[in-house]
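Chemist: Here is a sequence with its predicted model. Questions after.
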Amino acid sequence: MPRIERPTVLLNRFQRWARSNESVFILLATAVGALAGLLSVIQGGIARGLQHLFYGTPSGVHLSAMDRIATTSLIALPIGGLVLAGFTWATRSRKRNLVDAVEANALHGGRMTLGDSLIVSGQTIISNGFGASVGLEAAYAQMGAATGSIVGQWMKLRRKDLRNLVGAGTGAAIAAAFGAPLAGAFYAFEIVIGAYTPSSLAPVAAAALSGTLVAQVLGAQPYVISAQAGLPVEPHHFLVYAGLGAVCALFGILLMLAVSQMERLARLLPGPDWLRPAIGGCVMIPLAMWTPQALSAGHGALYTNLAFGVPLGVLLAALAAKALGSIVSLGFGFRGGLFFASLFLGSLLGHAFAIILANAVGHVVIDPRNGALVGMAALSVAVIGGPMTMAMIVLEATHDFTLTGAVLAAALVSSTLVRETFGYSFSTWRLHLRGETVKSARDVGWVKTLTAGSMMRREANPTPADITIAEFRRRFPLGSTSRVVLADGEGHYAGIAQPSAAYRDGIDESAEVRTIARAQDAALKPDMDIVAVMRAFDTLGGDELAVIGPDRGVLGLVSEGYVRRRYAEEIEKAQRDLFGE
């Protein structure tokens, strides 16, 4: 009778296969993608159910596409703010920073928790379901990434593979939501993983296809941007679209800054913090009465505006209302993202750009429908990032390769201008406001672990700074050491002295050794990361710097040569991990 192996033995064997066999890892990513697609369908269904409950949206009709909404129904906005406050209080989420996919891959090697992800998902569903001007993509991406992270941690994957699996889960969730596997895959590469790598290509593609297939089998209505390109794109149009890309870059930067300013102003309001979302819901009511296009993410409104010719005045009114709605919603504490909102705003901006340009020169320069599609991608690139992601969304919507080329031209201009002048996407801008220096999902977590404290050579007995130079010579003859750390009578750091300086001709041997010390006011803190340490060496000079504690006591020494060697070694290791060498 054959021996039956224990479940733990089988699990350990499968874990080894996943770590060493690319085919098994691809199958694992496919399973993660299927689960991420299922979670996207469930989250979207809950949010649409809430909108149907509170606003009476007909089946298949999005909230933003409704002609008008009863004023009594709009009371759901402040009620949603109160429900969100209650949910946030119940989960105690304000007491810690919730880690999203970008931060997890940039700083934590892909490690996420189910608790954090459920909180982010719940907050986003409540915000969108009650009509706030935010999208569900943050919830989709969060749960897709968490699926990859939790499965990867359970499988004990290496750091590189765990990050790739997080990207695969996120890409699958976005692909399922949009019914666009190419866009989902590129979202994973550009936004969550931070690079296109041979090791991530097959798993991410398999996950994106799996997530899309699951959503289709379940009959979910994906956010397919069904549109047809307008007049053919001529070569000289590319310059015009590049100009549209520049306009979108400026608008995107202003939008991100406006959200942070609105947050700052909201915090200045009297009253408890938990009341802010309800106040924001009250502010949203007149915007929703002006036009329902200000509500929710804007899926229905985007389709309506693309399918039917809309006058310039209506476009500008919708642009203003939607921008204000997103700024107010996010600024007052509703949870969500600007992914689809930026697509919608970009389509309005591009459409208006084409009409204004035609009015200025007296004839049609670019087709308004093409302008809307190009603007849609260019503004999304400015706010979210990912030029290829947005190009794939347009390509999968129109199947027009020439127009996709124009989209890429505008997207690259937009991306370059935002990167050079502002430096952040919306997600990394939020991290920057929190004090992080992350600018993409590239793995820089090792930078945080390499600190001055971890790299220093410990200094147990610093030399008193008040001894004479004659005594210093006696203790440290030439050639005995290259430098000596000094401390004052209270044990505080007092500089670094070089024995060679004590043997200069004409020096006063009765003077205190502190008189020849250097870097007396230049020292490192133990929690400074390696980038900050190198910056300090560049600014302060010297071959070695002291590391001091909160009480200015000497902890150790760090040499510039050792720091730069460690940095080069870590960069080389990261490159090997990135390209699977």
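Modeler: Happy to help now that I have it.
Chemist: what separates residue 160 from residue 266, distance-wise?
Modeler: With the distance defined as Cβ to Cβ, to the nearest Å, residue 160 ends up 40 Å from residue 266. (Each C-beta comes from the backbone N, C-alpha and C, glycine too.)
Chemist: whoops, residue 144 was the one
Modeler: From residue 144 over to residue 266 (counting by Cβ to Cβ), the distance is 30 Å.
Chemist: More neighbours: which of the two?
Modeler: With neighbours defined as other Cβ atoms under 10 Å, residue 144 and residue 266 compare such that residue 144 has more, 36 against 19.
Chemist: can I assume the more buried one is in contact with residue 39?
Modeler: Yes: applying Cβ atoms under 8 Å, one finds residue 144 in contact with residue 39, separated by 6.8 Å.
Chemist: Mind listing the shared neighbours of these two?
Modeler: When contacts are counted by Cβ atoms under 8 Å, 6 or more residues apart in numbering, residue 144 and residue 39 are jointly contacted by residue 173.
Chemist: can you tell me the helix or strand for the most centrally placed residue in the chain?
Modeler: Most central residue of the chain, judged by C-alpha distance to the mean C-alpha position with Cα atoms, centre = their mean, is residue 427 at 3.6 Å. Secondary-structure element containing residue 427, defined by DSSP states H and E: helix 426-433.
Chemist: Please apply the same query to residue 80.
Modeler: Under the assignment here (DSSP H and E), residue 80 is part of helix 76-91.
Chemist: so what secondary structure elements neighbour that helix?
Modeler: Where contact means 3 or more Cβ pairs under 8 Å, 6 or more residues apart in numbering; DSSP states H and E, helix 76-91 is packed against helix 114-129, helix 276-290.
Chemist: Convert it to PDB, retaining C-alpha atoms only.
Modeler: Once side chains and other backbone atoms are set aside, the C-alpha atoms of helix 76-91 remain, and they are given as PDB (Å, rounded to 0.1, in the frame of the first residue of the first chain):
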ATOM      1  CA  ALA A  76     -27.400  59.800   1.000                       C
ATOM      2  CA  LEU A  77     -24.200  61.800   0.500                       C
ATOM      3  CA  PRO A  78     -23.800  63.100   4.100                       C
ATOM      4  CA  ILE A  79     -25.300  59.900   5.400                       C
ATOM      5  CA  GLY A  80     -22.500  58.100   3.600                       C
ATOM      6  CA  GLY A  81     -20.000  60.300   5.300                       C
ATOM      7  CA  LEU A  82     -21.400  59.300   8.700                       C
ATOM      8  CA  VAL A  83     -21.400  55.600   7.700                       C
ATOM      9  CA  LEU A  84     -17.800  56.000   6.600                       C
ATOM     10  CA  ALA A  85     -16.800  57.700   9.800                       C
ATOM     11  CA  GLY A  86     -18.500  54.900  11.800                       C
ATOM     12  CA  PHE A  87     -16.700  52.200   9.700                       C
ATOM     13  CA  THR A  88     -13.400  54.000  10.200                       C
ATOM     14  CA  TRP A  89     -13.900  54.300  13.900                       C
ATOM     15  CA  ALA A  90     -15.000  50.600  14.200                       C
ATOM     16  CA  THR A  91     -11.900  49.400  12.400                       C
END
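Chemist: Now do that helix against helix 114-129, angle only.
Modeler: Interaxial angle of helix 76-91 relative to helix 114-129 (axes from the mean of the first three to the mean of the last three Cα atoms, to 10 degrees): 170 degrees.
Chemist: Let me know the next secondary structure element after helix 76-91.
Modeler: The first helix or strand that comes after helix 76-91 along the chain, using DSSP H and E, is helix 101-107.
Chemist: of all the helices and strands packed on helix 76-91, which lies closest to residue 498?
Modeler: Of all these, helix 114-129 sits nearest to residue 498, with 50.8 Å by Cβ to Cβ.
Chemist: what is the mean pLDDT for the closest one?
Modeler: With pLDDT averaged residue by residue, helix 114-129 scores 94.
Chemist: what sits up against that helix?
Modeler: Under the criterion Cβ under 8 Å, 6+ apart, external residues in contact with helix 114-129 comprise 43, 46-51, 54, 80, 83-84, 87-88, 91, 93, 98-100, 134-136, 138-139, 142-143, 145-146, 150, 277, 296-297, 329, 334-337.
Chemist: Need the buried ones from those selected in PyMOL.
Modeler: To isolate the buried members of those in PyMOL, using 16 or more other Cβ atoms under 10 Å:
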select buried, resi 43+46+47+48+50+51+54+80+83+84+87+88+91+93+98+99+100+134+135+136+138+139+142+143+145+146+150+277+296+297+329+334+335+336+337
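Chemist: Contact partners for residue 338?
Modeler: By Cβ under 8 Å, 6+ apart, the residues touching residue 338 are 134, 135, 255, 326, 330, 383, 384, 426.
Chemist: With respect to pLDDT, which of those ranks lowest?
Modeler: For the contacts of residue 338, the model is least confident at residue 426; its pLDDT is 80.
Chemist: where's that residue relative to residue 189, distance?
Modeler: 18 Å.
Chemist: Run a quick neighbour tally on residue 309.
Modeler: When neighbours are defined as other Cβ under 10 Å, residue 309 has 10 of them.
Chemist: what does residue 89 give?
Modeler: A count of nearby residues for residue 89, using other Cβ under 10 Å, gives 11.
Chemist: host element of the residue nearest to residue 421 when sequence neighbours are not counted?
Modeler: In space, and not counting its chain neighbours, residue 421 is closest to residue 253: 6.9 Å by Cβ to Cβ, 6 or more residues apart in numbering. Secondary-structure element containing residue 253, defined by DSSP H and E: helix 237-268.
Chemist: Pull out the buried residues from that helix.
Modeler: Going by neighbour count (16+ other Cβ under 10 Å), the buried part of helix 237-268 is 237, 240-242, 244-249, 251-253, 255-256, 258-260, 262-263, 266.
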